[in-house]
Structure formats: C-alpha cells, structure tokens
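> sequence plus predicted model, see below.
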Amino acid sequence: MATAKSKTIYGVHPSVAMVQKWLAELKETTGRSMEEWLALVKEEGPKDEKSRREWLKSKHKLGTNKASWIAERAEGKGWEDTPEAYLKAAVRYVEEQYAGPKEKLRPIYDELLKLGKSLGEDVKACPCRTIVPLYREHVFAQIKPTTNSRIDLGFALTHYKGKLPKRLIDTGGLAKKDRITRRIEITAAAQIDEEVKKWLKTAYDLDA
C-alpha cells in the first residue's frame, strides 16, 4: 500500500518528454530507429559501452549525445521513455538513495519532500538516481543525501539580491552555471527550522 501511495507523490521528470521527442525523430535524423540501432550494435558493434559509443561516433558519424544514448540503451541503461516507466523508476531511485548506511536519513528526506510540496500545487518532485530535484517552472531546490550522515538541501538563488547568511554554503554553482547555488547541511529532522523553510520558500518564489 505504501508503494502505491508513494507513486503518486512524484511528478514526471521533464527529460521524459525530451526523450520521447528524440526517439520519435531518431529515424528521420539518423536513418535508423532506436530498435534498428540496437540491433546493429548487438550484431556488429564492440562488446562494451565505451567502445560502442566511440564506434557509433567514428563509423556511423553520430554526435556524442546520440552515440552515448544508443550505447547506454544497448546495455539496458538510460532514461525511461514513458511517464509510467519513469514514475515506477522514481520510487526505486529514492529507495536506493536511502538504502544501507543512509537509511537513517530517510525521515529527513520525507520531511523535506513534504515541506517542498507544501509550497504550492505547482511543485513537482522528480527523482534522479542521486538527487531529488524540486521543480516549479525550473529546478528551484534539490534534496541530496551527500554522505551517510548528511542531506544537503540545495537552493536556486542566483537572482536573490539580498545578503545571504553563513549557513547557506556556496555550492560553486554560479561559476558552473548550475541552478543550485547554495545549500544547507541537515543531519537531523530538528534542523528543518524556520530558516530552512524561509529559504525554500524564497527559492520557490524566485522561480515564479
């Protein structure tokens, strides 16, 4: 029952629509569908993913992104290309993030997720393999179990004009043109205080 419920708390990652578009256009842009590329790779290509990627680029003149995607697919990896498949995987991604030594961080994650989604009905949590980004129009925050004892709650604060407190640690995101520019370290649920709520709301509001 818990699993069925957890499926409904996540939204479909924006990349799923991009993947569907990419797959729909693949035959037109390369002369082969994904199924045809996979058959060719398995029949004629090298055996490992890296060699397959280079083979697709050198012999078949594919760009890096297309070659990487096809090589990953041939290994059974890559992004899920339907909303249903993604939502099923999303639950697994979170379970894997908080398995083993990080299991004790799960209550903190659950509390942060609840807080993020309480900001508005337009908030979507779209898990990836190592993080859970929170979207409005764009990513405005992310929840990341960085170590076995700490979650980093990241914020997109590029356009914030005021002074930032020391608790908000610079991620280096501004220089890297990453949306997440600041983070707060959280090691216990009790640390999800008014300041955390304030900055999460600020990041949310900046993405209006």
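Sure, I can see it.
> excluding its backbone neighbours, what's nearest Leu113?
The spatial neighbour of Leu113 that comes closest, neighbours along the chain excluded (C-beta to C-beta, 6 or more residues apart in numbering), is Ala125 at 5.8 Å. From N, CA and C alone the C-beta is placed, and that goes for glycine too.
> so that neighbour sits against Val139, correct?
No - between Ala125 and Val139 there is no contact under C-beta atoms under 8 Å: 10.7 Å.
> now find how far off-centre stretch 125-132 is within its chain.
Centroid separation for stretch 125-132 versus its chain: 4 Å, with C-alpha atoms, centre = their mean, to the nearest Å.
> quick one: contacts of that stretch?
9-14, 90-91, 93-94, 96-97, 109, 113, 116-117, 133-135, 142-144 (C-beta atoms under 8 Å, 6 or more residues apart in numbering).
> what's the answer for stretch 194-208, then?
Against stretch 194-208 from outside (C-beta under 8 Å, 6+ apart): 115-116, 119-120, 123, 136-138, 140-141, 153, 155-157, 159-160, 165, 167-168, 182, 184, 186.
> run the last query once more with 10 Å
The contact list for stretch 194-208 (C-beta atoms under 10 Å, 6 or more residues apart in numbering) reads 111-112, 115-116, 118-120, 122-123, 134-142, 153-160, 162, 164-165, 167-168, 179-184, 186, 192.
> check the offset of it from the chain's centre.
How far stretch 194-208 lies from its chain's middle: 20 Å, per C-alpha atoms, centre = their mean.
> stretch 185-198 too?
From the chain centre to the centre of stretch 185-198 is a distance of 22 Å (C-alpha atoms, centre = their mean).
> show me where this protein has its strands.
124-125, 132-135, 139-147, 150-155, 169-170, 182-186 (DSSP state E).
> okay, the nearest residue to Glu137 once chain neighbours are set aside: pLDDT?
Nearest residue to Glu137 in three dimensions, chain neighbours excluded: Asp207, at 5.4 Å (C-beta to C-beta, 6+ apart). In this model, Asp207 is scored at 96, pLDDT.
> offset the numbering so it begins at 873, please.
Taking 873 as the first residue, the last one we looked at is Asp1079.
> burial measure for Asp1079, as a count.
For Asp1079, the tally of surrounding residues (other C-beta atoms under 10 Å) stands at 18.
> check what pLDDT the spatially most central residue of the chain gets.
The C-alpha lying nearest the average C-alpha coordinate of the chain belongs to Cys1000 (C-alpha atoms, centre = their mean; 3.2 Å). In this prediction, Cys1000 carries a pLDDT score of 93.
> for it, give me phi and psi.
phi -110, psi -170 (degrees, to the nearest 10).
> cool, thanks, talk later.
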